[in-house]
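# no FASTA, just this:
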């Protein structure tokens, strides 16, 4: 049997379908011992011949002592050795052009897919390139000074760049998850993401990968324009002809991929003014809950301190409260809470982790599902019902935090349950700072009651989750786009405007880096068919 150990080029890049798979469990003590893992594989399949590789790595924390679970794939000896990942990015300088609005994962992966199909992408991003954006964010954390077009939501790489870089998705039927991960590896990501059950890159490493994707697009003849804010669409008889930029520049093309992210409120208003159909969609709002990471480790691994070879523990919680879902969102082990507002007098927060996930605190959004009938007077705002509610809630949180910088209102979880103002607050990772406020008065009463009930239910699942060490910080409100831009299920084109292709999280069709990237690739394929007049 020819061994292919984890970390080798073959193990990293094998694309063959295995003829047999099996699992082995490995103690954390031996997870880095390649010789030991090989012996365990040979014990499991002593009569096998051919190649083997690790195709998935996960953790089974149900035991008293957690173990790694490795899924091993065998391929016949007669099969050729798999080759490294390769992609055909061809020159497109003289090719037909497609405008891509937004340089997040949906936009950039759409641009890569267009290049593979011989089409020139012209990417327009209202924010800064990622290295400049990093400086803007550093200034935001230091002083609370918000740059409206270059922040945690806007700029090259999109909202995921500086908000953790988690790559796990349950939307596996929407596209080729493997190809997205391979493209990330091709552009510099660690090969671990190809086998980890919950892959993660980290906000400290994503910028370099995004820069490499940019270089690929540019080297093939694609265009990328920063500080290029789209303010209108060029239409003829409801057929797309291009876009107008804030500086007065017109850029023409017969197709526009609209991949602007979940916070580009101005685009929704522009579409509405143009008579282009948009729709309100459900939203989820709530708080960030922050625990000591050591506590989460002990709850999930049943042992403290955690084994040094085990990663910082994560959790996923969900329940139903009075007909609405309450669930954890974007859990960030060893992470930080960050400010994600995009406009003045607004406060919104999210979480992120660096690649090491080695911070002392863990945070996660705990959010309540909302539908139009849940938001009172905002229900009359038509397609902007949820957006108006979201914005009003962020303005209320900003005022509750003191109305200066990005200081956030906060409360101990135990006091939130009792409806009491906290006399003191535990430490937090939120750099702009927090102030004790009655978060039970921030939300509509049904939201508060559902959060309180959910915290009690979650504590039954994880005894110790409800503790005075837990800090609630508000407001978690950018869980998804509050508006959907409709599109045809087959062509992925807007039903009213020929050549307009809504895409990604901002259009309401994705939720995270990988699902957005897959949607970008799918839309690029349909754009190609549209340009070739091939339904």
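Now that the structure is in, tell me what you want to look at. As the structure is a prediction and not an experimental result, all values here were calculated from the model. Residues are numbered from 1 along each chain as shown.
# make it CA atoms for all contacts and neighbour counts henceforth
Will do.
# assumed residue 522 was part of a helix.
Yes - Residue 522 forms part of a helix when assessed by DSSP: H, G, I helix; E, B strand; the rest coil.
# residue contacts, the closest residue to it other than its chain neighbours?
Leaving aside its chain neighbours, residue 522 sits nearest to residue 175 (7.2 Å; criterion: CA to CA, 6 or more residues apart in numbering). Contact analysis of residue 175 by CA atoms under 8 Å, 6 or more residues apart in numbering lists 518, 519, 522.
# pLDDT score for residue 175?
For residue 175, the pLDDT comes out at 83.
# same thing with residue 50?
Value listed for residue 50 in the pLDDT field: 65.
# now swap in residue 169 and tell me
Residue 169 is given a pLDDT of 77.
# kindly report the same for residue 42.
86.
# that's a strand at it, yeah?
No - going by three-state DSSP, the assignment for residue 42 is helix, not a strand.
# how far away is it from residue 505?
The gap separating residue 42 from residue 505 is 45 Å, by CA to CA, to the nearest Å.
# of these two, give the one with the bigger neighbour count.
residue 505 (28 against 15; other CA atoms under 10 Å).
# in the helix or strand where the more buried one lies, what's buried?
In this structure, residue 505 sits in helix 504-507 according to DSSP states H and E. Using 16 or more other CA atoms under 10 Å as the test for burial, helix 504-507 gives 504, 505, 506, 507.
# other SSEs contacting that helix?
strand 483-484, helix 513-531 (3 or more CA pairs under 8 Å, 6 or more residues apart in numbering; DSSP states H and E).
# at 7 Å instead, please
helix 513-531 (3 or more CA pairs under 7 Å, 6 or more residues apart in numbering; DSSP states H and E).
# not including adjacent chain positions, what is the nearest residue to residue 339?
If the residues on either side of it in the chain are set aside, residue 339 comes closest to residue 349, at 4.5 Å by CA to CA, 6+ apart.
# the one you found reaches residue 476, doesn't it?
Yes - the pair residue 349 / residue 476 is scored as a contact, 5.4 Å apart, by CA atoms under 7 Å.
# out of the two, which sits in the busier spot?
residue 476 (27 against 24).
# return the residues in contact with that one.
Applying CA atoms under 7 Å, 6 or more residues apart in numbering to residue 476 gives the contacts 285, 286, 287, 288, 348, 349, 350, 365.
# distance of it from residue 110?
Taken as CA to CA, the span from residue 476 to residue 110 is 29 Å.
# wait, is residue 286 part of a strand?
Yes - Residue 286 sits within a strand when classified using three-state DSSP.
# contacts only, for it.
Contacts for residue 286 (CA under 7 Å, 6+ apart) come out as 365, 366, 367, 368, 475, 476, 477.
# of those residues, which is the most crowded?
The most neighbours, when the contacts of residue 286 are compared by other CA under 10 Å, belong to residue 475, which has 32 neighbours.
# what pairs with the helix or strand containing that residue, parallel or antiparallel?
Assigned by DSSP H and E, residue 475 falls within strand 471-476. Strand partners for strand 471-476, identified by DSSP bridges, are recorded as strand 283-292 (antiparallel), strand 408-412 (antiparallel).
# out of those, deepest packed?
strand 408-412 (a mean of 28; mean count of other CA atoms under 10 Å).
# so what's residue 244 bridging to?
residue 232, residue 250.
# right, and it touches residue 228 too?
No - applying CA under 7 Å, one finds residue 244 not in contact with residue 228, separated by 9.6 Å.
# neighbour count winner among those two?
Of the pair residue 244 and residue 228, residue 228 is the one with more neighbours under other CA under 10 Å, namely 21 against 17.
# isn't that one right up against residue 125?
Yes - using CA under 7 Å, residue 228 is in contact with residue 125, at 5.4 Å.
# got phi/psi on residue 325?
phi -80, psi 140 (degrees, to the nearest 10).
# now the helices: where do they sit in the stretch 151-300 of the chain?
Taking DSSP state H, counting those that start in this stretch to define them, one finds helices in the stretch 151-300 of the chain at 177-186, 206-219, 265-273, 293-301.
# what sits up against the first one?
Applying CA under 7 Å, 6+ apart, the external contacts of helix 177-186 come out as 85, 191, 193, 194, 514, 517, 518.
# ok, residue 379 - contacts?
372, 373, 385.
# coming back round to it: for residue 357, find the nearest of the strands paired with strand 471-476.
strand 283-292 (12.8 Å; CA to CA).
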